[in-house]
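Colleague: Let's see this in three dimensions:
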Amino acid sequence: MPLDLHAQAICTLKGQTPASAFPVCGIKSFSQGSVSICGTSSIPVPVCATGPNSFIATNKNPYWYKFTCYQTGTLIFVITPNTISDDYDWQIFDITGVDPNNVFTDPNLFVCCNWSGVGGLTGTADTASAANQCASPSTYAQGGVSPFSKPPTLIQGHTYLLLVSHYTDSQSGYTLNFTGGTASITDPNLPTYTKASGICGGKEIAIKMNKTILCNSIAADGSDFSLTPNASIQSAYGVGCVNNFDTDSIIVQLNNPLSPNVYTVQQLMGTDGNTLLDNCQNAVPLSTQASFTITSQQLVKADFDYTIRWGCVNDTVDYILKAQNATNWVWTFDNATTSTMANPAIIYSSLGQKTTQLIASNTVCADTITKNFVLDNYPPKAYFSAPDYICPNDAVTFTDSSTGLLTKWHWDFGNGQTSDLQTPPLQNYPNTNISTNYLIQLLVTDTAGCTANYTKILKAVTNCYIAVPSAFTPNGDGLNDYLYPLNAYKAINLRFTVYNRFGQVIFYTTDWTQKWDGTLNGLAQPTGTYVWTLSYTDSQTGEKFSLKGTTVLIR
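Modeller: Residues are numbered from 1 along each chain as shown. I've put the predicted structure just below:
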């Protein structure tokens, strides 16, 4: 079989890599219904590395099988394609004491092979003419060689891998049978417990087996086991079964932690209809049992509580240790600060979510707990809305819009009145015939006693009657230098326009505090009469006004 240079998908399914090989034994026929298309890794074949028939083998569309020799002798097996014309090839490796993945790089692991290009049954047979077969054409007429090789001699106690490589580009599967030979790859020993032990925390039991058992023979509900004194079993699983077919370690999970005592775990018939089974379907005998002791040191439990002392700049969290059966503890705060104190107090200078981990331990076991909490006492912010001015005889409404966990409000209205209500009463200011500024202050206090202050100037004006002067003198003496609508405090949607005698717009504004200084594009305009228009809406009554008049510019 020549090297296939077509790129294929990486092999990821169980059984498609040496590390996840199917465990097999001599008494079982293994059927692979379909073969996934994957794999292009090269395989060392030292007997075919040189000479006229040299080639590079690949694990094309592979499945791997793992077995142990329990009696030295020859191995006979047959691979029967579901589609009889398909070309299946194989190679055996001795992986005793080495990483299974070394088969891709270490030629010394080679035992025997058959890479014939002839389709049909393949394997080992006493009648075969050669111990190994290298790549060849697909028909005997073209020089194809036999798809059978002489049986290899296996060594007792050694572990082997069998690679089955599907050279034909199809997904049709095959059956693998071990049909004879003098070697035995069937373990004569029954599977049994070697020991049981309680896991730290008391909610799990570990069972160690004398040999690997099939992962799919473990009832997930834990019904393969009973516990004396009686304890409620929740579930069971095999260690490493996510990526492998067999395991020698089982974890039994309990609904509640055990108390200090001597316990016995015993084998039952699971709800899946069997006890634990090894790779040759040998069952752990019913009533197989193992005892173990739970001590108080195994029941170490990490736990803590906390109280928060809210602050204005920093918050302080007092931690309260509630661990059980622990003699040592390590705190970690936000994956940064650590402490070995029993009841530390930590000062936090920032807000948001905080994470605290506690590891409690003794000389036997350790337990970990993590808790999250939020520091959300954001500093209070004082703010209120109020008009910038007040007309004579008007009352003022002050609306609080401060933020924070507030408990107190204190207002000072600058008119001799104060209030501690969040929504204070309306306020009045005297008409003194001159415009007067009043300082309004709001002080708020939150649950931690933190305070914030906001102030605003309120201008009490003497007149809110809107009028446009009949004359102005823009001479810079500070008296009547500008033309604008006076006292337009209550005007909204205002438009003020000034025209010269030719009807040209020489000034326009929507802000009554923007005033015409008697110029156009920086040039002083001549003495004379100018026409103006004024439109606005009264902000209190909603009444609309549209006025027109003239003003004399005097220089």
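
Colleague: So which residues of the stretch 1-150 of the chain form strands?
Modeller: Taking DSSP state E, counting those that start in this stretch, the strands of the stretch 1-150 of the chain run over residues 22-23, 30-34, 42-43, 57-58, 62-68, 73-74, 76-81, 88-94, 110-114, 122-124, 148-149.

Colleague: wait, I meant the stretch 351-500 of the chain
Modeller: Using DSSP E, counting those that start in this stretch, the strands of the stretch 351-500 of the chain run over 352-361, 366-375, 384-385, 389-390, 395-396, 399-400, 406-412, 418-419, 427-428, 436-446, 451-460, 471-472, 491-499.

Colleague: which stretches of this structure have low pLDDT?
Modeller: Along the chain, the parts satisfying pLDDT under 70 run over 1-8.

Colleague: ok now stretch 225-239, how far from the chain's centre?
Modeller: From the chain centre to the centre of stretch 225-239 is a distance of 32 Å (CA atoms, centre = their mean, to the nearest Å).

Colleague: got it, and stretch 400-413?
Modeller: Using CA atoms, centre = their mean, the offset of stretch 400-413 from its chain centre is 41 Å.

Colleague: Can you give me the distance of the nearest residue to Phe104 once chain neighbours are set aside to Asp224?
Modeller: Excluding the flanking residues, the one nearest Phe104 by CB to CB, 6 or more residues apart in numbering is Ser41, at 5.4 Å. Yep, even glycine has a C-beta here, placed from its N, CA and C like the rest. Using CB to CB, to the nearest Å, Ser41 is found at 38 Å from Asp224.

Colleague: Give me the more crowded residue out of those two.
Modeller: Under the criterion of other CB atoms under 10 Å, the comparison of Ser41 against Asp224 puts Asp224 first, with 26 against 17.

Colleague: if I pick the nearest residue to that one once chain neighbours are set aside, what's in contact with it?
Modeller: Nearest residue to Asp224 in three dimensions, chain neighbours excluded: Gly270, at 4.0 Å (CB to CB, 6+ apart). Counting by CB atoms under 8 Å, 6 or more residues apart in numbering, Gly270 touches 218-219, 221, 223-224.

Colleague: ok, of the residues you listed, which come out buried?
Modeller: 218-219, 224 (16 or more other CB atoms under 10 Å).

Colleague: Which strand or helix spans the closest residue to Ala471 other than its chain neighbours?
Modeller: Closest residue in space to Ala471, ignoring its immediate chain neighbours: Val552 at 4.3 Å, by CB to CB, 6+ apart. In the assignment (DSSP states H and E), Val552 maps to strand 544-553.

Colleague: rewinding a little: most tightly packed of the strands of the stretch 351-500 of the chain?
Modeller: Counting by mean count of other CB atoms under 10 Å, strand 389-390 has the highest mean neighbour count of these, with a mean of 20.

Colleague: on that earlier part again, any chance of the strands of the stretch 351-500 of the chain in JSON lines with distance to Asp187 as columns?
Modeller: As requested, the strands of the stretch 351-500 of the chain are exported to JSON lines (distance: least, CB to CB, whole Å):
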{"stretch": "strand 352-361", "distance to Asp187": "40"}
{"stretch": "strand 366-375", "distance to Asp187": "37"}
{"stretch": "strand 384-385", "distance to Asp187": "86"}
{"stretch": "strand 389-390", "distance to Asp187": "99"}
{"stretch": "strand 395-396", "distance to Asp187": "96"}
{"stretch": "strand 399-400", "distance to Asp187": "83"}
{"stretch": "strand 406-412", "distance to Asp187": "76"}
{"stretch": "strand 418-419", "distance to Asp187": "91"}
{"stretch": "strand 427-428", "distance to Asp187": "96"}
{"stretch": "strand 436-446", "distance to Asp187": "74"}
{"stretch": "strand 451-460", "distance to Asp187": "79"}
{"stretch": "strand 471-472", "distance to Asp187": "115"}
{"stretch": "strand 491-499", "distance to Asp187": "96"}
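
Colleague: Helices of the stretch 1-150 of the chain, residue ranges please.
Modeller: For the stretch 1-150 of the chain, applying DSSP state H, counting those that start in this stretch gives no helices.

Colleague: Around Ser401, count how many other residues there are.
Modeller: 10.

Colleague: what residues are up against the residue nearest to it when sequence neighbours are not counted?
Modeller: Closest residue in space to Ser401, ignoring its immediate chain neighbours: Tyr383 at 5.1 Å, by CB to CB, 6+ apart. Taking CB under 8 Å, 6+ apart, we find Tyr383 in contact with 400-403, 442, 454.

Colleague: any idea how far Tyr383 lies from Asp400?
Modeller: 8 Å.

Colleague: list residues touching both of those two?
Modeller: Taking CB under 8 Å, 6+ apart as the criterion, Tyr383 and Asp400 both touch Leu442.

Colleague: just to revisit the earlier point, including secondary structure, could the contacts of Gly270 go into TSV?
Modeller: Below are these laid out as TSV (DSSP: H, G, I helix; E, B strand; the rest coil):
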residue	secondary structure
Ile218	coil
Ala219	coil
Asp221	coil
Ser223	coil
Asp224	coil
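
Colleague: Confirm that Thr186 sits in a helix.
Modeller: No. The assignment for Thr186 (three-state DSSP) gives coil, which keeps it out of a helix.

Colleague: List the residues that contact it.
Modeller: Neighbour list for Thr186: 25-27, 70, 280 [criterion: CB under 8 Å, 6+ apart].

Colleague: Could I get the phi/psi values of it?
Modeller: Dihedral pair for Thr186: phi -110, psi 120, per degrees, to the nearest 10.

Colleague: now it: how far from Leu277?
Modeller: Taking CB to CB as the measure, Thr186 falls 14 Å from Leu277.

Colleague: Also Phe545?
Modeller: Taking CB to CB as the measure, Phe545 falls 99 Å from Leu277.

Colleague: With Lys203 instead?
Modeller: Lys203 sits 27 Å away from Leu277, going by CB to CB.

Colleague: okay, stretch 262-281 in CSV with CA atoms only?
Modeller: The C-alpha coordinates for stretch 262-281 follow below in CSV (Å, rounded to 0.1, in the frame of the first residue of the first chain):
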residue,chain,number,x,y,z
VAL,A,262,-16.3,2.2,59.5
TYR,A,263,-18.2,1.5,56.3
THR,A,264,-18.5,-1.4,53.8
VAL,A,265,-19.2,-1.0,50.1
GLN,A,266,-20.7,-4.1,48.4
GLN,A,267,-21.3,-5.1,44.8
LEU,A,268,-24.9,-5.4,43.6
MET,A,269,-26.6,-6.1,40.3
GLY,A,270,-27.1,-2.6,38.7
THR,A,271,-30.2,-1.3,37.1
ASP,A,272,-28.3,-1.8,33.8
GLY,A,273,-28.7,-5.6,34.3
ASN,A,274,-25.1,-6.4,35.2
THR,A,275,-22.4,-6.0,37.8
LEU,A,276,-19.0,-4.4,36.7
LEU,A,277,-17.5,-6.2,33.7
ASP,A,278,-14.0,-6.5,32.5
ASN,A,279,-12.9,-6.3,28.8
CYS,A,280,-13.7,-10.0,28.4
GLN,A,281,-17.2,-9.7,30.0
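
Colleague: Counting neighbours, which bits of that stretch end up buried?
Modeller: Buried, per 16+ other CB under 10 Å, within stretch 262-281: 263, 265-268, 270, 274-280.

Colleague: Now the two most distant members of the residues you listed.
Modeller: Within these, Tyr263 and Cys280 form the most distant pair, 30.6 Å apart (CB to CB).

Colleague: Verify the contact between the residue nearest to Ala471 and Thr529 for me.
Modeller: Yes. Counting by CB atoms under 8 Å, Val552 touches Thr529, with 5.4 Å between them.
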